[in-house]
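Enquirer: 3D, please:
(chains A and B)
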Amino acid sequence: MIETITKENFAEKVEQAAGPVLVELWAPWCTYCRRLAPALDRLADKLEGQVAVGKINVDEQPELEEKLEAATIPMLYLYQHGAHGAHLVAPSSQAQVEQWINAQLQ
Amino acid sequence: MKQNYDVAVIGGGPAGYAAALYCARAGLSVLVLEMLGAGGQMATTEQVDNYPGFEEGVNGFDLAEKMQAGAERFGVESEFAEVTGLQLDADPKRITTSSGSVLAGAVIVATGASPRKLGIASEDALVGRGVAYCATCDGMYYRGKTVAVAGGGNSAAADALVLSALCEKVYLVHRRAELRADRVYLDPLQKASNIEFVWNAQIDSLLHGDKLTGLALTDRVSGEKKTLAVDGLFVAIGRDPNTALVRGQLTLDQSGYIVADETTRTNIPGVFAAGDVRTKPLRQIVTAAADGAVASKFAEEYLRSRR
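Expert: Residues are numbered from 1 along each chain as shown, chains lettered A, B, ... in the order given. Now for the predicted structure:
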């Protein structure tokens, strides 16, 4: 399942989450985001119980967009214990996202 | 994903799913291996107006989903995995993927093409920090700012027009002194008051702190060096075929495309090249789909002769 992340629930669902959280910044007008969406759905199923997945609609969440310094989308972050590593922009494959996650998991 | 298929199709764009559809309707078992989602380059095209049958045009992503669903209706399986290795001269052919290995009697390579990079320092590090490859995706982030588009073909022209509606200033930076873009673009480009052409310009380096701040250019005619202050650079200098996987096995032309004639047959029996990845004069959705249909005919013929 993919959570919708807003400025109201960001602290609870992302920063204070017990486990790792994959966060995607996206917008409805972003064609590449749409292309990535089915891959994120499959990843959310595959990683259920290990990594939570959340999406931030940058049109509706300008504060989060600024906080996460999104200058292009789709942009991904992996949060662990309230902090994140390097972002991933417009990955070309589902496998690339998985490798990027696995390299960061603590 | 099973262990064995009659046909494995690598790439889930219009060529791949057309090939899969035709193969499945011919009674063959078919696996499509796609690394992200159906549609390839088409899936990021907002509006497709040159694929017959859609009088109002169609969204590229929607068309991709329809092609996938249409093929799956006849039993085609899709696996969303990255192909990491190929043994094409074996019989059956062996394919290694991020989800395991699979064997196939015939392989249809429909891996398409990707936007070409400038290939200069810091380009990768600045993606999402000023360097972009998709004006319709990222243009909104440069609203009211100054950007450059690198390139002189149709994608560069289209990107410049999209950006001119959003940005304060758009520089169209091209290596030559005239565009290669189709005539339909030239008039609107000339008329847009905020588009400025920078001719004969070679981009030497990207100026940046955390983000892109400008371009260092050399005039290829006069040799003069200058800098251009920009917040964003949209790279639209053409496409490169996705043939790294088959390099060394299939014959490629000088630009890296798989050499195959209208039968889609490559230098290895049982291996076919369909769509943008093949040497051909016109790369369009409709010609990609046509390649897929043709590839299925010759794949079927190959499989019959092998029994």
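
Enquirer: roughly how far apart are the residue of chain B most remote from its centre and chain A?
Expert: When distances to the mean C-alpha position of chain B are computed (C-alpha atoms, centre = their mean), the maximum falls on residue B:307, with 35.5 Å. Residue B:307 sits 34 Å away from chain A, going by C-beta to the nearest C-beta, to the nearest Å. For every residue, glycine as well, the C-beta is placed using N, CA and C.

Enquirer: Now do the contacts for the residue of the stretch 151-300 of chain B at minimum distance from chain A.
Expert: Proximity of the stretch 151-300 of chain B to chain A (C-beta to the nearest C-beta) peaks at residue B:211, 7.0 Å away. For residue B:211, the contact set (C-beta atoms under 8 Å, 6 or more residues apart in numbering or on different chains) comprises A:71, B:126, B:129-130, B:231.

Enquirer: quick one, helices of chain B?
Expert: Assigned by DSSP state H, chain B shows helices spanning B:14-25, B:60-72, B:135-138, B:154-164, B:183-191, B:285-306.

Enquirer: Quick check: which of these is buried the most?
Expert: Among the helices of chain B, the stretch with the highest mean neighbour count (mean count of other C-beta atoms under 10 Å in any protein chain shown) is helix B:14-25, at a mean of 29.

Enquirer: Let me know the average pLDDT across that helix.
Expert: In this model, helix B:14-25 has a mean pLDDT of 98.

Enquirer: Same question for stretch B:3-11.
Expert: In this model, stretch B:3-11 has a mean pLDDT of 98.

Enquirer: Would that stretch count as contacting chain A?
Expert: No - counting by C-beta under 8 Å from any C-beta of the partner chain, chain A has no neighbours in stretch B:3-11; the shortest distance is 11.6 Å.

Enquirer: And the contacts of that stretch?
Expert: B:16-17, B:19-20, B:23, B:28-34, B:40, B:77, B:83, B:92-93, B:95, B:101-112, B:242, B:245, B:275, B:277, B:296, B:299, B:303.

Enquirer: buried set for it?
Expert: Buried residues in stretch B:3-11, counted by 16 or more other C-beta atoms under 10 Å in any protein chain shown: B:5-11.

Enquirer: Check stretch B:207-219 too.
Expert: B:207-208, B:212, B:214-215, B:217.

Enquirer: Show me which pair in these is furthest apart.
Expert: Pairwise distances across the buried residues of stretch B:207-219 (C-beta to C-beta) peak at 14.9 Å, for the pair B:208 and B:217.

Enquirer: Can you name the residue of the stretch 101-250 of chain B nearest chain A?
Expert: Of all residues in the stretch 101-250 of chain B, the one sitting closest to chain A is residue B:128 (3.9 Å; C-beta to the nearest C-beta).

Enquirer: correct me, but that residue touches residue A:76?
Expert: No - contact criterion C-beta atoms under 8 Å: residue B:128 and residue A:76 do not qualify, at 10.4 Å.

Enquirer: Just the CA coordinates for the one helix or strand in chain B whose mean pLDDT sits lowest, please, in CSV.
Expert: Every helix and strand of chain B was ranked by mean pLDDT, DSSP states H and E. The lowest is helix B:135-138, at a mean of 78. C-alpha atoms of helix B:135-138 as CSV (Å, rounded to 0.1, in the frame of the first residue of the first chain):
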residue,chain,number,x,y,z
ALA,B,135,10.8,20.0,-20.8
THR,B,136,7.2,18.9,-20.4
CYS,B,137,8.2,17.1,-17.1
ASP,B,138,10.5,19.7,-15.5
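
Enquirer: Which residues of chain A lie near chain B?
Expert: Residues of chain A found near chain B (C-beta under 8 Å from any C-beta) are A:27, A:29-39, A:42, A:70-73, A:75, A:87, A:89-96, A:98.

Enquirer: Quick check: longest helix in chain A by residues?
Expert: Longest helix in chain A, counting by DSSP H: helix A:31-46.

Enquirer: tell me what that one is packed against?
Expert: With contacts defined as 3 or more C-beta pairs under 8 Å, 6 or more residues apart in numbering or on different chains; DSSP states H and E, helix A:31-46 has these neighbours: strand A:2-4, strand A:21-26, strand A:52-57, helix A:94-104, helix B:60-72, helix B:135-138.

Enquirer: Which pLDDT value belongs to residue A:34?
Expert: On pLDDT, residue A:34 comes in at 88.

Enquirer: Quickly note the distance from the nearest residue to it once chain neighbours are set aside to residue B:20.
Expert: Nearest residue to residue A:34, sequence neighbours excluded (C-beta to C-beta, 6 or more residues apart in numbering or on different chains): residue B:61, at 5.1 Å. Separation of residue B:61 from residue B:20 (C-beta to C-beta, to the nearest Å): 18 Å.
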